[in-house]
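Engineer: below is the sequence, then the predicted model.
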Amino acid sequence: MLPAEPPQPPASVTAPVALVEAAPAAERPERMNRSAVLWVALAIFAQESVWNFYDAQVPAQLRQFVSSATVIGLIMGLDTGLGVIIQPWTGLISDRLARSRTGRWPIVVAGACVAAVPFALIPWATGLPMLMLCIFAFGLTANSFKGVTETLVSDYVAPQQRGRAQGFIKAGVSLTIIVSALISLLVVDHSLRAAFAIPPVLMVVMVTLSYCFLGRRHPTALRREDTGTDTGTDTGTDTDTDTDTDQADPFSSPWAVLKDLVREPSRARLLLMAGIFCFAGMWAALRSLTTPYGTEVLGMTRGAAGGIALPGAIAFLVCVVPLAYLSHRLGELRMIRYGIALFVAGLLVGFAEPTPAFTAASVALASIGYAVFSVNGLVALWGLAPNNRVLGAYTGLYTVASASGMALGPALLGATVDLTGWRYMFLNAAVLGAVTFAVFTLVARRAGRPLAGAS
């Protein structure tokens, strides 16, 4: 049962940047909308179940046609790189739909149904051109709704509760890693085509369920930050106010949002995005190359190597909710730095003893470190948004930073593997993780103090 919380300032408000408008509802206690968190978590679970299996098994699929780890890393980064172009636009479109009767749901439901097709066709590809076509088509369609799904929490959960809600949502996301690992362990070695069919079927079914139970409530969704009005019960005066706000809104395109981002005096948002870029890149690199590492260094089968992530998923699940509450107390930037330190320590454990057991423990420690970031990163950036009507666009900006890192991270780590060999992959990743720690240290110094005030 999700507990009620006393009134708190929004968890993502930043002291150095006076750009965040205080929501009227933030001044009074609000109970977390538990059913909304559950259904939003299910929708995000649906899409992440596909992405996790994609990251675990597509690199091994590419190795049938490509021998270079660098090239595999570049191809794995290609699909996430598409998010840099697509997601700010779809995020801005979803911000306009958010105040309509259907909300953001048409983008989510249609995107899930279309993306399921090229994903299921991946194991049927008999050559590299067909495989690349499936990868590109999946990346294009899946990125069109990925950020929109993550923004749903801002429609149904009050601002001061979003950090805690993210903890429960990320706990649900960790289950997708478990599902992916179990499919790898139980199905891949027996029927690769069946294994690739399971995640997209889950995605379509669960997104549809989420829409049926939550999408129909959208007209009465919590929009506490929108000048204190309720989306479904606007009076004539409120409607006029919203219309005037829309007409006067300076953020009519992603370019206007980017212009404001660059001109912000403290550069806190740009520095935070740089840190997001680095950490997301290292996490994507670890996820993309762990399965080949297991086959090349540890002598495991493809299915068993894909299951290395299972202990990490369990550790993520157990720790993510307590980490969300702890982050509210200690501050988001401070906790992210602690998470990076644990991430690097875990990688060093894996390098010191290259056995399946120690590698699984290494990935588990790194997963806990990443859990800290996954809870805090997006909420912090939401808190820096210039107003509450561009949250979808700022989710797109978060995706620009994280997807750029995910696009380059696997290729960068793959290049170090080509230079030093697979045996040194975890050490190479630890060195790159230390660079990420340095970036967040700079963010903390420029910001002056953690992004969330300590309670």
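Structural biologist: Alright, I've got the coordinates. Numbers count the residues shown, from 1 in each chain.

Engineer: when you work out contacts or count neighbours from here on, use the C-alpha atoms and nothing else.
Structural biologist: OK.

Engineer: could you find the closest non-adjacent residue to V417?
Structural biologist: M425 (5.8 Å; Cα to Cα, 6 or more residues apart in numbering).

Engineer: do you know how far the residue most central in space within the chain is from R287?
Structural biologist: Nearest residue to the geometric centre of the chain (Cα atoms, centre = their mean): S374, 6.6 Å. According to Cα to Cα, to the nearest Å, S374 and R287 sit 15 Å apart.

Engineer: so which other helices or strands are in contact with the helix or strand harbouring the residue nearest to the centre of the chain?
Structural biologist: Under DSSP states H and E, the secondary-structure element containing S374 is helix 356-383. In terms of contacts (3 or more Cα pairs under 8 Å, 6 or more residues apart in numbering; DSSP states H and E), helix 356-383 is packed against helix 162-183, helix 268-296, helix 309-330, helix 332-352, helix 391-420.

Engineer: and the angle for the longest one with helix 268-296?
Structural biologist: In this structure, helix 391-420 runs at an angle of 40 degrees to helix 268-296, with axes from the mean of the first three to the mean of the last three Cα atoms, to 10 degrees as the basis.

Engineer: the inter-axis angle of helix 391-420 versus helix 356-383?
Structural biologist: 150 degrees.

Engineer: stretch 421-434: how far from the chain's middle?
Structural biologist: Relative to its parent chain, stretch 421-434 has a centroid offset of 23 Å by Cα atoms, centre = their mean, to the nearest Å.

Engineer: and what of stretch 47-61?
Structural biologist: Stretch 47-61 sits 14 Å away from the centroid of its parent chain (Cα atoms, centre = their mean).

Engineer: which intervals of the stretch 351-455 of the chain have sub-threshold pLDDT?
Structural biologist: Counting by pLDDT under 70, the stretch 351-455 of the chain has low-confidence residues at 380, 383-392, 446-455.

Engineer: and D155, how far from A171?
Structural biologist: In this view, D155 and A171 are 20 Å apart by Cα to Cα.

Engineer: likewise for T208?
Structural biologist: Taken as Cα to Cα, the span from T208 to A171 is 21 Å.

Engineer: show me which of those two is the more surrounded one.
Structural biologist: Taking other Cα atoms under 10 Å, T208 and A171 do not tie; A171 has more neighbours (24 against 21).

Engineer: V320 is in contact with that one, correct?
Structural biologist: Yes - if you go by Cα atoms under 8 Å, A171 and V320 touch, sitting 5.9 Å apart.

Engineer: okay, now M132: neighbour count?
Structural biologist: Around M132 there are 15 other residues, counting by other Cα under 10 Å.

Engineer: brain fart, F213
Structural biologist: So F213, with other Cα under 10 Å, has 12 neighbours.

Engineer: mind checking the SS state of it?
Structural biologist: helix (DSSP: H, G, I helix; E, B strand; the rest coil).

Engineer: could you check the pLDDT of it?
Structural biologist: Note for F213: predicted pLDDT of 79.

Engineer: surely it and V37 touch.
Structural biologist: No - between F213 and V37 there is no contact under Cα under 8 Å: 11.9 Å.

Engineer: what helix or strand is the residue nearest to V173 when sequence neighbours are not counted on?
Structural biologist: In space, and not counting its chain neighbours, V173 is closest to F45: 5.1 Å by Cα to Cα, 6+ apart. According to DSSP H and E, F45 maps onto helix 34-62.

Engineer: could you give me the average pLDDT of that helix?
Structural biologist: The average pLDDT for helix 34-62 rounds to 82.

Engineer: same deal with stretch 300-312?
Structural biologist: Here the average pLDDT along stretch 300-312 is 80.

Engineer: measure it end to end?
Structural biologist: 18 Å.

Engineer: excluding its backbone neighbours, what's nearest S288?
Structural biologist: That would be D55: by Cα to Cα, 6+ apart, it lies 5.3 Å from S288.

Engineer: list the contacts of the one you found.
Structural biologist: By Cα atoms under 8 Å, 6 or more residues apart in numbering, the residues touching D55 are M76, R287, S288.
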